[in-house]
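*Asks:* Have a look; sequence and predicted model below, questions after that.
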Amino acid sequence: MPTITDADVTRMTSGLLFDELDRARKLSRYWVLLTLAALIASAGVVADSTATVIGAMIVAPLMTPILGTVLSVVIGDLRNLAISLLLVVTGAVLVVAIGWAVGTFVPVDTVAATSPQVAGRVQPRLIDLVAALATGVVGAFALVRSDVSDTLPGVAIAISLVPPLAVVGLTLEGGAGDESAGALLLFLTNVGAILLSGLVVLTIYRVSTARSVRARRRLDHRAATAVVVVAVLALALPLSATSQRVAADSLRDAEVTDVATTWAEARGWELVGVENTPDGVEVRAAGPLPVPDPGTLRTALDRDGLADLDVRLELVPVERTDLPGR
């Protein structure tokens, strides 16, 4: 079994915990970088700039107190556990507040209907938990092995922490409470995955058996680990429900698309798109006059087993005129 030395524990505590002699410098760095990361992430989401959002992920220092929480649990340091958790919670509140403030300066509400960056973060699924667990393992492995620390920028990109919180603030300002809850669930999923993966990796490396750890233990790390496991299992329930709903919606959209395409092409029209709405599905088609009878699409859907589905049909007549040159 791999083991860890007192020197390794000292290296990790000095890098992750905030009770050392240079605590003021660490805290100022944390708050400055987190504020800038929140501004970058919010601007990137509003501008629909993936590169900008990725930049915010790299700058964001939230990974430090989260891994500090993991280390504090394993070494049984109650004081640093409280400090790390407080930094995570207050940092998350700060990012949400900055996202909300940025949203007030945007003329159009930044919600899923207007922003692909938001739409991609408000329906977390079970696969997101799986990816976060794997990423958390890499982050914890890089923590205990100084020779693989070069992977940390990749971990920062893969584990999305600040962007979901920025989306929470933006969607709250836009009045989309359900979307805010979805983005918050994604953040909590990623945090829970880091905690669980980190605890597993540090347990495998037997960090808790180091002599310097035994001397400072004030917390039963087994009880804290059990709390983390229960929390992750609780998060898996809504993620599983979302996964099933997304899969069902995708299957339904495919069926509607097939029926609507056949219906439109038979009338010389073209299907423009099929989109989920809170009230059902919206079908858009375009073509020449005369406008086809909408009732015929309803009949086709009913015949294909979609009688219970509410559909809104948007028909856009297209008139083409030749304008020959001289």
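*Replies:* Nice, thanks for sending it over.
*Asks:* Can you give me the domain boundaries for this protein?
*Replies:* Described in terms of automatic domain parsing, the domain architecture of the chain consists of the residue ranges 6-219, 249-317.
*Asks:* Which one of those lies nearest to Ala241?
*Replies:* For these, proximity to Ala241 was assessed by C-beta to C-beta; domain 6-219 is nearest, at 9.2 Å. C-beta coordinates here come from the backbone N, C-alpha and C atoms, glycine included.
*Asks:* ok, which stretches of the stretch 101-250 of the chain are helices?
*Replies:* Residue ranges of the helices in the stretch 101-250 of the chain, as given by DSSP state H, counting those that start in this stretch, are 116-119, 126-144, 152-158, 162-173, 177-204, 211-216, 221-266.
*Asks:* In JSON lines, list those helices along with distance to Glu314.
*Replies:* Formatted as JSON lines, these follow (distance: least, C-beta to C-beta, whole Å):
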{"stretch": "helix 116-119", "distance to Glu314": "20"}
{"stretch": "helix 126-144", "distance to Glu314": "32"}
{"stretch": "helix 152-158", "distance to Glu314": "39"}
{"stretch": "helix 162-173", "distance to Glu314": "25"}
{"stretch": "helix 177-204", "distance to Glu314": "23"}
{"stretch": "helix 211-216", "distance to Glu314": "64"}
{"stretch": "helix 221-266", "distance to Glu314": "11"}
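*Asks:* want to throw those into JSON lines with mean pLDDT?
*Replies:* Putting the helices of the stretch 101-250 of the chain into JSON lines (pLDDT from 0 to 100) gives the following:
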{"stretch": "helix 116-119", "mean pLDDT": "92"}
{"stretch": "helix 126-144", "mean pLDDT": "87"}
{"stretch": "helix 152-158", "mean pLDDT": "68"}
{"stretch": "helix 162-173", "mean pLDDT": "95"}
{"stretch": "helix 177-204", "mean pLDDT": "92"}
{"stretch": "helix 211-216", "mean pLDDT": "56"}
{"stretch": "helix 221-266", "mean pLDDT": "89"}
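*Asks:* Buried deepest among the domains of the chain, which one?
*Replies:* Per residue and on average, the most neighbours among the domains of the chain fall to domain 6-219, with a mean of 20 (mean count of other C-beta atoms under 10 Å).
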